[in-house]
Structures are given as structure tokens and as C-alpha cells.
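Student: just a sequence and a predicted model for now, questions to come.
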Amino acid sequence: RRFSTDLKPLAVGIVLDASTSMKGGKMDATKNSALRFLDTLGEGDRAMVVSFSNRVRVLQRATTDRKRLADAIRSAEAEGGTALYDGVWRTADYLRRLDGRRVMLLLTDGRDEAWNGMEPGSLHTLDESLDHANRNDVMIFAVGYGRNLKQLDFYQRHTLESILLRMAETSGGAVLFPKRIGSLKKAFETVTRDLRHQYSIAYTSTNETRDGAWRSIELRTDVPDHEVVTRKGYFAPQGPSSAAAPAED
């Protein structure tokens, strides 16, 4: 139905893992990475700063003021447990109220766990946080730190690395596992450039069922040496079935 080039400003949620496991070098690396990301934002881009430990905190609401954003990033202190999935869910909820290309920059060592190590750190699950991000058109770009990303999560089901990969791939984002913090600025510049220059494709689905279910999307190109990066699907509309509703990505 439509093929166009979107040149939209960004609405970014910078989400910092501020749990005890990030103390020391990882916390410093997280802050430095977030500050480098600020340098890549354009004049019309807005960002907010969120941290999570035992609970989720908004350190700075959405603004174009880079100094306020930088001060908020520097103010984060590591303590307590890791409410990772709550951090993703809440940030997606904040971003849904903002116009523009919604993006979440998630900086973490990946493990959702309470401070005592005896229970999960979040009230929401991984699936719930991803569902909420996808329903609100939030692309997740994750940066994973530390040497423990091959460990299994609290439920012993998935590695921390695979959790971050799933978050990014499902939402149409990307994941970075930096060995050197200095290399991140170039990667961030590539990410923000690509985010501002995207194609928007709309089509009418042949499936007329309006059940609110997840529908997968696969997009291919026959152009050699090119790769398509997109969301993995969308949620169908809900309500009485009638004419097929348009889907957009």
C-alpha cells in the first residue's frame, strides 16, 4: 500500500543497569557509554534517562537538553538487585507517549535477579517486557557488559547473552558486546544514522481475523550483499472481523 522513507526525530530511553553487580568498572563503563551515545543525537532528538536496581527510577524525563541528560547519567549509583525486565517494561511505557522513532538503549550485564539471589528481580517477565515494547513500537538496542554473559538466567533457561539478543532481534534493534568502550562511539553513530534513515512499508494482510495475536513478518531483498533489519512481527488488531486491516512496519 505504501513505501516511503521516514526521516523522523528519535525518542530515546537510555536505560542504565544500576544494580550491585554493576559496581566499579562496569558502572563506569555504562556511564561512559551512555555519555558517548548522547554525542550522536541530533538537535530534534529527545531522550530520557532511566535506571533500575531493586526498582525503576526516572533520573531525567524526556528532554533535548544534553547537559541535563548527562548530569542524570552521572548521578546513577549501583546498589541492590536487578529489575531488568521491569526496567524494559516501564521505559517502553514511558516512550509510548512520545512522538518520533521510539528507541531504547539498554546498558546492562543481563541478569534479572533480586539482591538476595533467591528470587527474580522483576515483577514482569521477559515475555511481558518484550510484548510491551513491541506493542508500543519500541526498538531495543542492547549493550552487554562483563564476562558472565554466558551464564544462565535465574530460571536456568537462557544465557544472559541470548536474552539480550532476543530483545534486540524481536524489536528490530541490535546488540553490542564491547571489548573496549572507546569503540562504542563509532557503533552508536552507525546506529543513530540508520535509525534516522529507514524505510516504512505498509501492506494489507489477507488474514481478516482480529484476535490481537502476534503475527510474524519476514522481509527479504534480492539485492546482493544487503541485509534487511526489521521487527519480527506485529500484533493484530482486536475487534469484530471485517475488511483486512493494514499492517505497517
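Tutor: Looks like it came in fine. Bear in mind the structure is a predicted one, so any value in this text is a computation, not a measurement. Numbers count the residues shown, from 1 in each chain.

Student: isn't W214 up against G233?
Tutor: Yes: assessed by Cβ atoms under 8 Å, W214 is found in contact with G233 at 5.5 Å. C-beta coordinates here come from the backbone N, C-alpha and C atoms, glycine included.

Student: overlap in contacts of these two?
Tutor: Each of N134 lies in contact with both W214 and G233 under the rule Cβ atoms under 8 Å, 6 or more residues apart in numbering.

Student: the more surrounded of these two?
Tutor: G233 (17 against 14; other Cβ atoms under 10 Å).

Student: now the strands for this protein?
Tutor: Using DSSP state E, the strands of the chain run over 2-6, 10-17, 46-52, 56-63, 101-108, 139-144, 174-176, 198-204, 214-216, 233-235, 246-248.

Student: K186: which of those strands is closest?
Tutor: K186 lies closest to strand 174-176 among the strands of the chain, at 10.9 Å (Cβ to Cβ).

Student: hmm, back to that, now distance to H132 and mean pLDDT too, for the strands of the chain, in a markdown table please.
Tutor: Converted to a markdown table, the strands of the chain look like this (distance: least, Cβ to Cβ, whole Å; pLDDT from 0 to 100):
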| stretch | distance to H132 | mean pLDDT |
| --- | --- | --- |
| strand 2-6 | 23 | 79 |
| strand 10-17 | 12 | 95 |
| strand 46-52 | 14 | 97 |
| strand 56-63 | 13 | 97 |
| strand 101-108 | 11 | 93 |
| strand 139-144 | 11 | 91 |
| strand 174-176 | 19 | 87 |
| strand 198-204 | 22 | 82 |
| strand 214-216 | 13 | 85 |
| strand 233-235 | 11 | 79 |
| strand 246-248 | 19 | 51 |
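
Student: take those strands and lay them out in TSV including distance to A114.
Tutor: What follows is the strands of the chain, written out as TSV (distance: least, Cβ to Cβ, whole Å):
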stretch	distance to A114
strand 2-6	41
strand 10-17	14
strand 46-52	12
strand 56-63	14
strand 101-108	16
strand 139-144	20
strand 174-176	25
strand 198-204	38
strand 214-216	30
strand 233-235	31
strand 246-248	39
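
Student: can you say which of the ones you listed is nearest to N116?
Tutor: Counting by Cβ to Cβ, N116 lies closest to strand 46-52 out of the strands of the chain; the figure is 16.7 Å.

Student: which other helices and strands contact that closest one?
Tutor: Here strand 46-52 is seen to pack against strand 10-17, strand 56-63, helix 66-75, helix 84-95 when contacts are counted using 3 or more Cβ pairs under 8 Å, 6 or more residues apart in numbering; DSSP states H and E.

Student: so in this structure, where's the weakest helix or strand by average pLDDT?
Tutor: strand 246-248 (a mean of 51; mean pLDDT, DSSP states H and E).

Student: the spatially most central residue of the chain: what's it in contact with?
Tutor: Central residue of the chain (Cα atoms, centre = their mean): I140, 2.1 Å from the mean position. Residues counted as contacts of I140 (Cβ under 8 Å, 6+ apart) are V88, V103, M104, L106, A133, M167, A168, T170, S171, G173.

Student: closest to N32 out of those residues?
Tutor: L106 (15.8 Å).

Student: may I have the beta-bridge partners of that closest one?
Tutor: For L106, the beta-bridge partners are V15, A142 (DSSP bridges).
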